[in-house]
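Asks: Below is the sequence, then the predicted model.
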Amino acid sequence: MMTPAALRLLLLLVAVTSASQFYRTSGGVIAPELMADLRIGPEVLGLASSAFFLALGAA
C-alpha cells in the first residue's frame, strides 16, 4: 500500500510527464498551420521551437 505522500508524488510525476509530452507533440501537430499563418519556413519554425524548448528547460 502506498503512503499518501508517495501517492501525491506519483500523481505529480504523472501530471508533469503528461504536460511535457503535450508540449513536445503539440508543435508538430500545429506546425503546418502555424507556418502558413506566420508565413515562415521549416527552418524558422525549427529555430523558434528550439528557442522555446531551451527557455522551457532553463525555467
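Replies: Structure's in. What do you need? Bear in mind that the values here come from a model prediction, so they are computed numbers and not experimental data.
Asks: Spatially central residue in the chain, please.
Replies: With distances taken as CA atoms, centre = their mean, Tyr23 lies nearest the centre of the chain, 1.7 Å away.
Asks: what helix or strand is that one on?
Replies: helix 4-38 (DSSP states H and E).
Asks: got the buried residues for the next helix-or-strand element following that helix?
Replies: Per DSSP H and E, helix 4-38 leads on to helix 42-58 as the next helix or strand towards the C-terminus. Neighbour counts using 16 or more other CB atoms under 10 Å place Leu45 of helix 42-58 among the buried residues. Just so you know, the C-beta spots here come from the backbone N, C-alpha and C atoms, and that holds for glycine as well.
Asks: what is the orientation angle of helix 42-58 with helix 4-38?
Replies: Here helix 42-58 runs at an angle of 160 degrees relative to helix 4-38 (axes from the mean of the first three to the mean of the last three CA atoms, to 10 degrees).
Asks: pLDDT of helix 42-58, averaged?
Replies: Helix 42-58 shows a mean pLDDT of 89.
Asks: try stretch 18-31
Replies: Regarding stretch 18-31, the rounded mean pLDDT is 88.
Asks: Now tell me what touches it from outside.
Replies: Residues outside stretch 18-31 that contact it (CB atoms under 8 Å, 6 or more residues apart in numbering): Leu34, Pro42, Leu45, Ser49, Phe52, Phe53, Leu56.
Asks: how about 7 Å then?
Replies: Residues outside stretch 18-31 that contact it (CB atoms under 7 Å, 6 or more residues apart in numbering) are Leu45, Ser49, Leu56.
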